[in-house]
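>>> Just need the structure, nothing else, for what follows:
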Amino acid sequence: MFKRVAFILLALSIVALLSPANAWWIQWYAVVENQLLNLLLDSGRIIGISLVLAGLLAPFEALGWWAGWYGGKQDPTTLSLKHTHATLGKVTTSPHYIVYLDGIGKSSFKYSFRGARFLQRLTESLPSDRILIDNIIPYSVINLPLTLNRPLARLWQWIERTTNFEVLVLLRNMFQVAVSVDSRYGPIYNRGTAEIIIDRLLTKGYQPGSGALITLIGYSGGGQISLGAVPYIKRVLAAPIEVISLAGVISGNNEVVQVEHLYHLVGEKDRVTRFTPCLFPRRWSIITWSNWNLAKSRGEISFISLGKVGHDSKNGPFDEDAFLPDGCNHLTRTLEIILRIITRIDGYEPYPAAVADYSARSERIISDYENYVQAKFNRPEFYPLAQTYSDNYFPVAEWIGRLILPAVTERSQVSGVYLEVHHAPELDLIGQKVYLRWSDRPDIQAYVNQVKIRIDFSEQAYQSINQGIVLPTRLNHWRQVQALESLAGARPNDDVMVALTSVEVIREPQLILSISREPILITGKYYALVSFTEVFPNNCAMVRHYNPDSGQFNGKEDMVYLPPVVPDRNGVLPTTANKITEFLLNQTGWYIYGAKNDQGIFTVQAIAPRALFQLQPAKIISGMQKTTNYIHNQYWQGATQKKGQIDSILLNPRNLSDTELINSYQEGDRLLVLHTYGGIGGNKQEFAPLGLFFGHFSFGLARVVREPLTQELRFKIGYAQVYTQNTTGIIAASLDWTNFVGDRQFGWLGSRPITDIVVKLDVFDEYNFDGLRRFPLNALAYQLDRMMARYRTGDGTGATFVGPANSCVQDSCQALYQAINMTLTEIEQNPQIKAWITANPQHPQTQRLQRLVTLNKAIEDQLITWQTRADWVDPYQSLIGTRLADSPVTTVVNALTSWRSLLPRLANDSLAEIFLNHGASLWLLQTYQVGGWDEDIEPIAPTKLWI
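This next block holds a predicted model:
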C-alpha cells in the first residue's frame, strides 16, 4: 500500500512539475520575472530529472551482472560454492570471522580517515584467533569501486580528491541501498553481494559447514546490505551469522529471522537512523507480522544506544575527537560495544533483546515435571550405580548412561556433553563420567553444524515458563548450541537417561565416546518378563519370572516395587497397578523395566504388554477393499469399550497366505511406524474444544529382533517425536517405546489410547548399487533428527508452539517429504548409480526404485494440494518458534498449502491408505489405557474430521 501511494505521488509530481505540455506550469513559469527564481526553478527541475534517471538506472549494474555482462550468466534456481569465484585459501581453525561493510560514502577501496582508524583499532583489539575481512564494496555487485574501470571513473576520482561533491557518492550509493531493499531487484543485488562475501570468506580459509561464526558489521547503508546477503550466505556456507548494524539504515523487508542475532547500534543524535523507520512500513509497530517485528518478538534484535552520537563524520560513531559526558570518545565507546559482543562468553548476553521476562512473576504455574521429580523414584540418584542382577534380568542396551550438561566454561573443552556410564561392554567404564561427542565423520559433522544455533529466549518463551512449560532454561544466551547440548539441557535437571548405538571408544589422549546417531531416550536400565501374582498395599508386588525352558511363568518368584505415581495437574494418574493381576494380558506376561533402588528392590519404572509386540496377530484382514475400509472407518471404532485391552491386527492387501505373510517379517527388518494417540475422557476428561480430540502423530522405526529371554521374534519400537515443549518434560528426540509410552510416570500407556501402524513396504528397504548403499529410512531418520533438534531449541527462541502451519504432524510430514526427495536426488545426481540403473533396467531393484518414485508422487499429491510450501523446500524459511499472531498471513498460507497434514489422524490415515495402495502390509498395534484400571478415565479416539 505504501509503495502504491509513493508511486502515485511521484507520478503526480512528474506530471505537475516536469511535463513541458502542462499549460498551467508553463503559464506560471512565464509570469515569474525574477531571474534568480527562474534559475532556482530550472536547477530544481534538472536535479529532479537527474534523480529520477539515477533511480531508474540504479539497478542496471545488478541486472547486467545477472545477465552475464561481467562474466558467466547466473543460475536463477541455485546458489552453491561452484557459483563463486574464490580460490580456496588454506583452511583455518578460526572460530569466528568478522566481515566489515562500510557506509554509503565509500567510492573506492580506500577508507575515510575515521573509518580507517576504526578498522585499525578493531584489528588491534580482536583476539588473535579472529579473522577480520574488509575491502569490500557493498554498493557494487561486482565489487568494483567507482574510481576504477568505469566510464565515469575519472569523475569519481576527482570527487574523491576534492570532497566538495561527495554528496554525489552518497546519492549514488543510496540508490544502491534502495535496490537492495526493492522486492524486484533486491534478490539479485543481495545475491551478488553475498557471492562477494562468500568469496572473501573462502579466500581467508573459511570451511563451509564448519559451523564457524560469521559476524557482519554493517555501517550505515552497510547494515541493509548485510541483512540482504544473509540468506544466501547461510544457504551456501551453512554458517551461523550475526549482524552488527552500526547506525544501520534497515528497511525491515529482509529475512531478519534468519540471523542468529541482530545488534542495532544507534546514536541518540542520529537523525538518519531514527528517521529510517518512517520510510519503511515494515518497521512500523502496527505491521506486527513483518519480518522486522517478527524478529523483535522472537528476541532476535538488541537495540543498543551509543549515547549522544550522530550518524557520520564529526560527532559520528567513529569520531575520536568527540566525547560523551563520561569522558569516553565516540570511537572508543563504539569499539567497546562491538568487542563486548564479539568476545562475550556463552551464557551471558551483555545486550539482551528487550523482551519481557515473565518467569520471575510469583503467579508462575508449577509444571507437571516439577511435581513429578519430587517423587524420589523419578530421579536418577534413587538408583545406585553399583548393582548386580540375576539371570532373569537383561540390560536394555549395550551402552546406557545419563547425559550431563557441561558448565558454560567447560563447553570448549568438552565439545559435546558428559555421559555418566551406567552400563557398557567395557566394564572399566561403568561409573565413569566421560566425554560424549559426535563422530568426526564429515557427514556427521555436517549434520551437527546444520542444527547448531544460538538460543535467546523470546518473550513468548518467558510466558511459556510462567505457564508451567518446561524449557531449556540452562541454555539461554548460549551460542552455537549443538544437538547433544540441546538434548542434555532440555530439562532443568541432568536426568536424561539414554541408550547409545554405534559407539567408538577413544582412550587417548582422553576418554571419549564418539557416536554417529542421536542417543535414544530410555526408561529403565534392565528388564525382565514376568506375570504379576499379587500387589500389596505397600506398593510392592510379587511376580513370577518367565521360564525359557518351559515357556511358562513358573520361574523364580521375585518381589518388585511399584511406586505410586504422581497425578498430573488435572488429577489424572499416568498409570496405576489397580487390578493388574486380573487382566488377560497378565497371562501372556509383562515386560518390566527399571533398576534396583538403594534397598536392592527392583523398581518398576516402565511396563509393556508382551502380547502387543509378538509376531502373532489376533486377526488378519485381507483384500485391498477390506483393508482400505478398515483404515478408513473401523480401526478406532469402539475405543471406549476396549478400555484395558490391546489389539494386534494385520492388514494384508495383497491376499498372501497367513503363513507367507507372517514369515515375511524377518529378524533384522527395519520398518516405518505411524504413531497416533487419542484423548483422555471420563470423569477427569482433558480439555477438548468443541469436544474435539485431535491427538498426536509421529513417525517411528520398528525393528524385528529376537528377544533373548524368550528367543522369539518381536517388534522393538522407537519414535522420532517432533514434540513441542510441554508441562510434562517430554523431549523432542528419539524416544524408546518404554520412555514415551510405557513409562509409568511420564508415558501414556495407562492414560491414552494409542495406535502404532507398522508399515512393511519394500520400497523403503535398502538399495545397493554395487556397494553404494541408499536407505530411505536412514534419510527419514536424518531429516527427523534435524527437525527434533530444531524443536528442542525453537529455532533459537527457546520454545516451540503448535500452530496451523507447524505441529507434530505438519513437520513430521515435511521430514518425510524431504527424506524421499533427498534419496531420489542423491540417486539421480550420482553418475555411478545412474550407470548401474541404465545397465540394469529390468533388475528388481530398479523396478523397486521406480515404485519409490511413484510412491513419492502419490504422497506429494496427497499432502501438497497446489504448491510445495517454501519452508518444506528451504528449512531456513521455517516458522518454528513462532505463533499464529506473530506471522498470521504466512502461517495461514502455509497451513492451507499443506492442509491435508493439518490433523494427526487425517494425515496418519491418508498415509496408511497410500501405503496400502502401493502394496504395503500394515500391522496395527493398539492399546486402550493398559496397565491397570482407573475408574475416572476412559479412552477417546482422535478426531479425524473427514474434510
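
>>> ok, now which ones touch the residue lying closest to residue 564 once chain neighbours are set aside?
Spatial nearest neighbour of residue 564, excluding adjacent residues (CB to CB, 6 or more residues apart in numbering): residue 539 at 5.8 Å. Where you see a C-beta, it was placed from the backbone N, CA and C, and this is true even at glycine. The contact partners of residue 539, by CB atoms under 8 Å, 6 or more residues apart in numbering, come to 561, 562, 563, 564, 577.

>>> what ranges do the helices span in the stretch 301-450 of the chain?
All helices of the stretch 301-450 of the chain, identified by DSSP state H, counting those that start in this stretch, fall at 330-342, 368-372, 411-414, 442-451.

>>> try the stretch 601-750 of the chain
610-613, 624-629, 658-663, 737.

>>> Check which helices and strands the helix or strand hosting residue 159 sits against.
Assigned by DSSP states H and E, residue 159 belongs to helix 153-162. With contacts taken as 3 or more CB pairs under 8 Å, 6 or more residues apart in numbering; DSSP states H and E, helix 153-162 sits against helix 166-181.

>>> after the helix it packs on, next one along is what?
Sequence order places helix 186-203 as the next helix or strand after helix 166-181, per DSSP H and E.

>>> what mean pLDDT does that following helix have?
Mean pLDDT, helix 186-203: 94.

>>> Name the nearest residue to residue 602, sequence neighbours excluded.
Closest residue to residue 602 in three dimensions, ignoring its sequence neighbours and counting by CB to CB, 6+ apart: residue 560, at 4.8 Å.

>>> from memory that neighbour sits against residue 544, does it?
No. Assessed by CB atoms under 8 Å, residue 560 is found out of contact with residue 544, at 11.1 Å.

>>> Could you tell me which residues touch both of those two?
Counting by CB under 8 Å, 6+ apart, the residues touching both residue 560 and residue 544 are residue 530.

>>> so residue 483 sits right up against residue 785, yeah?
Yes. The criterion here is CB under 8 Å, and residue 483 meets it with residue 785 at 7.3 Å.

>>> who's more crowded, the two?
Legend: neighbour count by other CB atoms under 10 Å for residue 483 and residue 785, higher for residue 483 (26 against 20).

>>> For that one, give me its contacts.
With contact taken as CB under 8 Å, 6+ apart, residue 483 is in contact with 438, 447, 448, 451, 518, 785, 789, 792.

>>> Repeat the analysis, applying 10 Å as the threshold.
Residue 483 makes contacts with 416-417, 438, 447-448, 450-453, 518-519, 733, 785-786, 788-790, 792-793, as judged by CB atoms under 10 Å, 6 or more residues apart in numbering.

>>> for the helix holding residue 159, which positions count as buried?
The neighbour-count check on helix 153-162 (16 or more other CB atoms under 10 Å) flags 153, 156, 157, 159, 160 as buried.

>>> Residues in contact with it: which ones?
If you take CB under 10 Å, 6+ apart as the criterion, helix 153-162 is touched by 105, 107-108, 110, 144-148, 150, 152, 164-169, 172.

>>> Can you turn the buried subset of those residues into a selection I can paste into ChimeraX?
To isolate the buried members of the contacts of helix 153-162 in ChimeraX, using 16+ other CB under 10 Å:
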select :105,107,108,144,145,146,147,168,169,172
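
>>> which neighbours do residue 483 and residue 785 share?
447, 450, 451, 518, 733.

>>> Looking at those residues, state which has the most neighbours.
Neighbour counts for these peak at residue 733, which has 28 neighbours (criterion: other CB under 10 Å).

>>> would you say residue 532 is within a strand?
Yes. Using DSSP: H, G, I helix; E, B strand; the rest coil, the assignment for residue 532 is a strand.

>>> Surely it touches residue 583?
Yes. With contact defined as CB atoms under 10 Å, residue 532 reaches residue 583; the gap is 9.0 Å.

>>> Neighbour count: those two, which is higher?
The neighbour count for residue 532 versus residue 583, taken as other CB under 10 Å, is higher for residue 532 (23 against 19).
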